[in-house]
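> The following comprises the amino acid sequence and a computationally predicted model.
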Amino acid sequence: MDLNGNDPNVEELCKDAVQCWGYNAQVMMVIEEAAELILAVCKFGRGKNTSDHITDELADNRVMAKQLMMMVGITEQEVAARTNFKWNRLRTRLVDSKNKRAKARDVVTESHTVARKENENGKEVP
């Protein structure tokens, strides 16, 4: 196993797990592990556990995600392509959001500048 948790025998382990416990049981385990991650994050937010709990649940979810990929026929390349798409979409959304915030600040600053000038000129400012 390498530092990224890649094991050349993972495919075989996934197949063995499905053969041993069955497709439906492994699908239910995917759901269960996802729920456990949700709970770990919620508890972390309330100070009830540590990041170690989240780390464990993330690891469980990676294992189950790999099994699910094998069960439904999704390749690493397909996931990598969609992941890259999602990263790029996030990048675009962040740029758009920052631009909108900057425009909003400019409008507020301009409004305050106009109001200050009107006040200095003796005009009534709402």
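Thanks, I have it. Only a predicted model underlies this, so the values are computations on that prediction, with no experimental measurement involved.

> and residue 7, helix, strand or coil?
Following DSSP: H, G, I helix; E, B strand; the rest coil, the label given to residue 7 is coil.

> tally of neighbours for it?
12 (other C-beta atoms under 10 Å). Where you see a C-beta, it was placed from the backbone N, CA and C, and this is true even at glycine.

> now swap in residue 99 and tell me
Residue 99: 10 neighbours (other C-beta under 10 Å).

> tell me how far the helix or strand harbouring it is from the chain's mean position?
Using DSSP states H and E, residue 99 sits in helix 76-120. In terms of C-alpha atoms, centre = their mean, to the nearest Å, the centre of helix 76-120 is found 20 Å from the chain centre.

> Kindly report the same for stretch 49-59.
With C-alpha atoms, centre = their mean, you get 15 Å for stretch 49-59.

> ok, residues contacting it?
5, 33, 36-37, 40-41, 43-44 (C-beta atoms under 8 Å, 6 or more residues apart in numbering).

> And the average pLDDT for that stretch is what?
Taken as a whole, stretch 49-59 has an average pLDDT of 96.

> CA-only coordinates of it in PDB, if you can.
The C-alpha trace of stretch 49-59 is given here as PDB (Å, rounded to 0.1, in the frame of the first residue of the first chain):
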ATOM      1  CA  ASN A  49     -15.600  14.600  19.100                       C
ATOM      2  CA  THR A  50     -12.200  15.200  17.400                       C
ATOM      3  CA  SER A  51     -11.000  15.400  13.800                       C
ATOM      4  CA  ASP A  52      -9.800  11.900  14.300                       C
ATOM      5  CA  HIS A  53     -13.400  10.700  14.200                       C
ATOM      6  CA  ILE A  54     -13.900  12.500  10.900                       C
ATOM      7  CA  THR A  55     -10.700  11.000   9.600                       C
ATOM      8  CA  ASP A  56     -11.900   7.500  10.400                       C
ATOM      9  CA  GLU A  57     -15.200   8.100   8.800                       C
ATOM     10  CA  LEU A  58     -13.700   9.600   5.700                       C
ATOM     11  CA  ALA A  59     -11.500   6.500   5.400                       C
END
